[in-house]
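Colleague: predicted model, plus sequence, below.
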Amino acid sequence: MMQKNTIEVDVILDVLKKAVEAFPSSVFVNSLLNQYQERGSLSRKQLEGLHSKASKIKNIAPGKLATLQAIILRKPTRYRSTISKTLPEEVDLVTGQLVEDILAKYPQHKRVLFFKMKLDKNDPLSAIEKEELKKFHKLIL
């Protein structure tokens, strides 16, 4: 039986070593080399930074740069999702009127003041809170 001699070519390591030779005082390139040796991989953004540094080196093989570019294109691009703002519900006019009626008669009513504060901040009242408010309105007025 014949055995194939498979010699793996590590393009990223080769490019990193060339970059360290060309920029020995670069903290960025040295940290990339250390991380690659420890973890065995680099993120897409790190590889893009390495590619931009390596493109400035004159004696690097163009095939290695092309292979590095292909590796970068294979990596997934991750996007941060933006925080979606929920549009505040329109203030229920009936609920607002109930709050105003109760506060007109009892301006220090703590629970109703809390409801008013929530409505002022465009926080919707839950169904339980609305029922509680209607109950107060029946009892008081």
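Modeller: That came through fine.
Colleague: thought residue 44 was touching residue 77?
Modeller: Yes - the pair residue 44 / residue 77 is scored as a contact, 6.5 Å apart, by C-beta atoms under 8 Å. From N, CA and C alone the C-beta is placed, and that goes for glycine too.
Colleague: which residues of this protein score low on pLDDT?
Modeller: Scanning the chain with the threshold set as pLDDT under 70 gives 1-7, 83-91.
Colleague: go again using 80 as the cut-off
Modeller: Residues of the chain meeting the criterion pLDDT under 80: 1-9, 78-93, 141.
Colleague: domain parsing of the chain, as residue ranges.
Modeller: Domain assignment of the chain by automatic domain parsing yields the ranges 11-74, 93-140.
Colleague: sorry, back to before: more neighbours, residue 44 and residue 77?
Modeller: Under the neighbour definition other C-beta atoms under 10 Å, residue 44 and residue 77 were set side by side, and residue 44 has more, 15 against 8.
Colleague: ok, that one to residue 137 distance?
Modeller: Separation of residue 44 from residue 137 (C-beta to C-beta, to the nearest Å) stands at 59 Å.
Colleague: ok, residue 8 next?
Modeller: From residue 8 to residue 137 the distance is 77 Å (C-beta to C-beta).
Colleague: give me the more crowded residue out of those two.
Modeller: residue 137 (17 against 4).
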